[in-house]
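**Student:** Quick one: sequence and predicted model below, then my questions.
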Amino acid sequence: MQNIKTYIEENQQRFIDELIELLKIPSISADPKYKTDVVKTANAVKQKLVDAGADNCTLIETAGYPVVYAEKIIDAKLPTVLVYGHYDVQPPDPLDLWHSPPFEPVVKNGKIYARGACDDKGQMYMHVKAFEFMHKTNQLPCNIKFMIEGEEEVGSANLASFLVANKEKLNADIILISDTSIIANDIPSITVGLRGLSYLQVEVTGPNRDLHSGVYGGAVANPINVLCEMIASMKDENNHITIPGFYDEVEELTKELRAEMGKAPFNVDAYKKHLDINEVHGEANYTTRERTSIRPTLDVNGIWGGYIGEGAKTVLPSKAYAKISMRLVPHQNNDKITALFQKHFESIAPKSVKVKVIPHHGGNPVVTPTDTVAYKAAAKAMETTFGKTPIPAREGGSIPIVALFENVLGLKSILMGFGLDSDAIHSPNEHFGIFNYLKGIETIPYFFQYYAKSGK
């Protein structure tokens, strides 16, 4: 790719500065009080696409936050790549664990620290800058379309109707996404599998009001105690999930395939040291890598109830709550798993309490093939810039839109991310390596070049 490294060197500080400005905007889609900031971010992304040279840059309204759309059609006979990303971010809580304010980006030790730095503003913006290079140096080899949404972190609830309504506008040959990671900066990889997700909230109600624990304790069920017991019962001594029917559709991989996947470098001692834990934990008879990629999970993401203020208050609470997520694997269906959870949760509740299950959002798991023209183009692009052939890898995270793209648009996705598992996405002190950011900008144009050469 002519002059790509030179272009990056000449514009490196501008690329970093522009990303930092984007990271300053708290585009938290889960919290309505940040609505103005989310829309402000959408407009900022739109303007950056205009500046980069894209045509028909617009905000397309949905029932939620708008989708940023842009395109550059150079020849209808050439292949079209649809770039997907998202401009919304996770809430930054707990704020007291951040070393610097989450929306005041800091560059330290070669990394940019801010909420959304890696997930997904930094990775999304790599594509804007890669397009800028291709356009301004007259090296765009095929058509490109951008679809950048603002609700990925809350389940992309309005994307299905958006895709149906804009199916012709989004017509393409392949979808390119950077919202995943590589194994290490010297071990490139391409994600070929993502777990699905079922996310819900549960509510356990005991007495009709908070009670004095001395007067009523021991005679009236404590909803927090009951909730903890119910959650604990959902896994056995081998950390196997006990919901009836939960594993009915779980894909059991062959020993040969598991052995092949196990060749990816992994140091369990370094893993424990990085997380400051004494031992790993999970389903019996599976490795740490397998537990986070090819096996389903059930985790409590938040739990609350009763008195949590300063000092003491001897209260027997009326209610207890928890947010629970289940990561799913092929061929589990998120709607079916949500229904199974609800039925089981209601069945194990003692008569002393009432329970309520509120589904939030979900998505189905995805496995992408490695024998396609697009995958081979991505692998060749990474090999060109990293000097090594990338390893196909399955990841534990979920991008519900990927399955939706297949079902509605009939398009496969290439998951060519540049983050690292250690980037603390969804956690305090999220960061994105400047090496990774610039390497993405360098690699993406090669994907376009190799994919265009191979044809549709």
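**Tutor:** Okay, I see it.

**Student:** what's the nearest residue to residue 349 once chain neighbours are set aside in contact with, if anything?
**Tutor:** Closest residue to residue 349 apart from its sequence neighbours, by Cβ to Cβ, 6 or more residues apart in numbering: residue 355 at 4.4 Å. (Glycine included, C-beta is placed from N, CA and C.) Shown in contact with residue 355 (Cβ atoms under 8 Å, 6 or more residues apart in numbering): 202-205, 345-346, 349.

**Student:** Helix, strand or coil: sort out residue 355 for me.
**Tutor:** strand (DSSP: H, G, I helix; E, B strand; the rest coil).

**Student:** just the contacts of residue 355 now: which is nearest residue 247?
**Tutor:** Set against residue 247, the nearest of those by Cβ to Cβ is residue 345 (17.2 Å).

**Student:** Do I have it right that that closest one meets residue 230?
**Tutor:** Yes - contact criterion Cβ atoms under 8 Å: residue 345 and residue 230 qualify, at 6.8 Å.

**Student:** Skipping its backbone neighbours, what lies nearest residue 279 in space?
**Tutor:** residue 272 is the one closest to residue 279 (Cβ to Cβ, 6+ apart), at 7.0 Å.

**Student:** Assign a three-state SS to the spatially closest residue to residue 246 that is not a sequence neighbour, would you?
**Tutor:** Counting by Cβ to Cβ, 6+ apart, residue 246 lies nearest to residue 340, which is 6.1 Å off, once chain neighbours are set aside. Secondary structure for residue 340, judged by three-state DSSP, is helix.

**Student:** and residue 340, how many neighbours does it have?
**Tutor:** For residue 340, the neighbour count with other Cβ atoms under 10 Å is 19.

**Student:** Check whether it really touches residue 243, as I assumed.
**Tutor:** Yes - Residue 340 is within contact range of residue 243, at 5.5 Å (criterion: Cβ under 8 Å).

**Student:** What residues sit buried inside whatever helix or strand residue 337 lives in?
**Tutor:** Element membership of residue 337, judged by DSSP states H and E, is helix 334-347. For helix 334-347, burial by neighbour count (16 or more other Cβ atoms under 10 Å) applies to 334, 336-338, 340-342, 344-345.

**Student:** Then stretch 28-42?
**Tutor:** 28-29, 34, 37-39, 41-42.

**Student:** tell me how far the worst-scoring helix or strand of the chain on mean pLDDT is from the chain's mean position?
**Tutor:** Using mean pLDDT, DSSP states H and E, the weakest-scoring helix or strand in the chain turns out to be helix 255-261, at a mean of 86. Chain-centre distance of helix 255-261: 25 Å, with Cα atoms, centre = their mean, to the nearest Å.

**Student:** Check stretch 249-260 too.
**Tutor:** Going by Cα atoms, centre = their mean, where stretch 249-260 is centred and where its chain is centred differ by 24 Å.

**Student:** What lies in contact with that stretch?
**Tutor:** Residues from elsewhere that reach stretch 249-260 (Cβ under 8 Å, 6+ apart): 261, 290, 294-296, 329-333, 336.

**Student:** Of all the residues in it, which ones are buried?
**Tutor:** Neighbour-count burial for stretch 249-260 [16+ other Cβ under 10 Å]: 250, 253.

**Student:** For that stretch, measure first residue to last.
**Tutor:** One end of stretch 249-260 to the other measures 23 Å (Cα to Cα, to the nearest Å).

**Student:** ditto for stretch 150-161
**Tutor:** OK, stretch 150-161 end separation, Cα to Cα: 15 Å.

**Student:** Repeat that for stretch 149-158.
**Tutor:** Per Cα to Cα, stretch 149-158 runs 10 Å from first to last residue.

**Student:** gap between that stretch and the chain center?
**Tutor:** That offset, for stretch 149-158, works out to 11 Å (Cα atoms, centre = their mean).

**Student:** Is the closest residue to residue 400 other than its chain neighbours bridged to anything, and to what?
**Tutor:** The shortest distance from residue 400 to any non-neighbouring residue, by Cβ to Cβ, 6+ apart, is to residue 363 (2.3 Å). Beta bridges link residue 363 to residue 197 when assigned by DSSP bridges.

**Student:** Next up, the contacts around residue 363.
**Tutor:** 155-156, 196-197, 334, 398-404.

**Student:** Which members of those are positioned in strands?
**Tutor:** Members of the contacts of residue 363 lying in strands (criterion: DSSP state E): 196-197.

**Student:** Hmm, which of the contacts of residue 363 is lowest in pLDDT?
**Tutor:** Ranked by pLDDT, those bottom out at residue 400 (80).

**Student:** Tell me how many other residues surround it.
**Tutor:** 23.

**Student:** Quickly note the distance from it to residue 79.
**Tutor:** Per Cβ to Cβ, to the nearest Å, residue 400 is found 26 Å from residue 79.

**Student:** And residue 229, by the same measure?
**Tutor:** Residue 229 sits 56 Å away from residue 79, going by Cβ to Cβ.

**Student:** Noted, bye for now.
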